[in-house]
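# model the structure of this input:
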Amino acid sequence: MNIRILLSALLLTLSAAASALSIGKAESFDWKDESLTYDVMFKWGLINKKAGSATLTLRAEPESYVTRLTAASEPWADRIYQVRDTLNGRIGRDGFRPLFYEKIANEGGERKYDVVKYRYESHPEISADCIRKVYKKNKLKIDEKRTLKTFGTTVDMLTSFYFMRHLPFEKWKDGQSETVNIFSGKQKELLKISYLGEVDLEVGDKVRRCYHISFSFTSDGKRKTSDDMEAWISTDGRRIPMRLEGKLPVGKVHCLLSGE
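Predicted coordinates:
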């Protein structure tokens, strides 16, 4: 199981350039405490089996929002590729800007630890002090520190989820796309989001009106770093991701909203 695809799809790592999402618009949102739960399904031919689950939460504090994602594979999938991941983040209410991002990953036989701490003192330049550690068989194999710098809208895996949810999709035209920077403990990548229009989506025993979108990651050199993914987001005021889909080397992964 490609955990990068699974988590990327689940988190809807989407955003837009400043022209689509102004700081003023971000400030107008007042997020409430929230918890979203997803079933991660593996589909290959006639096989359609639950491979894992994930929960994404947000807690509102006076000056910031605290976010967390926890993801775990099912016992049968553990025998193929065990996943026990936690992502933590903090977003400032002032301008709804990312302040801190942390990924604690236990994937297969590796343990990975990424940290991104943002700095905004050199406006309009955005800087981040990053740490990346990788352990294999309980031995430290990678221990790196670097500073990433860029201009324009910049997000991480958690922050992007909330930025995406107040993009004005209702004003976008079919085929419209935007690109944004995304930081990890390892590197800066580019994220492109494309709008594919409104559709009706069956969710359990209900039909929900959704925005259909696709998105892709590329390196600074424009080399694609993963397959494109698709998502369906409710058109109501909460803009909840209802379904996400990504390709695997064999089959597909579907992330389906199961609770909120």
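# residue 108 is in contact with residue 81, correct?
Yes - with contact defined as CB atoms under 8 Å, residue 81 reaches residue 108; the gap is 5.3 Å. Glycine gets a C-beta too; all of them are placed from N, C-alpha and C.
# next SSE downstream of the worst-scoring helix or strand of the chain on mean pLDDT?
Scoring the helices and strands of the chain by mean pLDDT, DSSP states H and E places helix 23-27 at the bottom, with a mean of 35. Sequence order places strand 34-44 as the next helix or strand after helix 23-27, per DSSP states H and E.
# who does whatever helix or strand comes next after that next one touch, helix- and strand-wise?
Sequence order places strand 47-60 as the next helix or strand after strand 34-44, per DSSP H and E. Packed against strand 47-60, as judged by 3 or more CB pairs under 8 Å, 6 or more residues apart in numbering; DSSP states H and E, are the following elements: helix 3-11, strand 34-44, strand 64-73, helix 75-81, strand 252-259.
# so which of these is the most surrounded?
helix 3-11 (a mean of 22; mean count of other CB atoms under 10 Å).
# out of the helices and strands packed on strand 47-60, which is closest to residue 119?
strand 64-73 (15.7 Å; CB to CB).
# if we can go back for a sec, CSV for the helices and strands packed on strand 47-60, including mean pLDDT and distance to residue 143?
Output for the helices and strands packed on strand 47-60, formatted as CSV (pLDDT from 0 to 100; distance: least, CB to CB, whole Å):
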stretch, mean pLDDT, distance to residue 143
helix 3-11, 45, 21
strand 34-44, 87, 31
strand 64-73, 91, 24
helix 75-81, 83, 24
strand 252-259, 83, 31
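# wait, which of the ones you listed is closest to residue 141?
Here helix 3-11 is closest among these (CB to CB), at 17.9 Å.
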